[in-house]
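> Structure here, sequence nowhere to be found:
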């Protein structure tokens, strides 16, 4: 698995929640947005398996993590996304990198470390991340 990490700066935070919802609808839809070229839509539809969007509201920045099955899909998706411009208010693409996923482990709810509210320390048997 590979992941493309794109960081955007100077993002308009006034509509970030609405923009995220629109992005979610686009990801779940089988219909190509009018502004997206057909070849880019097909490449993204076939190559992307997971998307995580992160936001730094106080810093006016976002980071999108786009996961693909393999290096070839990562290359194709990167080319397709590089051909698109951020939407209005989407900021400036500051950096793009592609990585091979080394570890992707989701822990069971019972194993997630929780801080105690009274002492601010860790409960016996727990260790910090």
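On my side now, so go ahead. Predicted model only: the values in this text are computed from it and were never measured.
> how about the strands in this structure?
2-9, 48-56, 61-68, 92-100 (DSSP state E).
> would you list the ones you listed in TSV and tack on mean pLDDT and distance to residue 23?
Quick note: C-beta positions are derived from backbone N, CA and C, even for glycine. TSV is the format used below for the strands of the chain (pLDDT from 0 to 100; distance: least, CB to CB, whole Å):
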stretch	mean pLDDT	distance to residue 23
strand 2-9	97	12
strand 48-56	96	7
strand 61-68	96	9
strand 92-100	96	15
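> for this structure, what are the low-confidence residue spans?
Filtered on pLDDT under 70, the chain yields the residue ranges 110-129.
> Quick one: the strands of the chain as TSV, columns for mean neighbour count too.
Below are these laid out as TSV (neighbours: other CB atoms under 10 Å):
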stretch	mean neighbour count
strand 2-9	18
strand 48-56	14
strand 61-68	19
strand 92-100	12
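> do you know which of those strands lies nearest residue 20?
strand 48-56 (6.3 Å; CB to CB).
> which helices and strands does that closest one pack with?
helix 16-28, strand 61-68 (3 or more CB pairs under 8 Å, 6 or more residues apart in numbering; DSSP states H and E).
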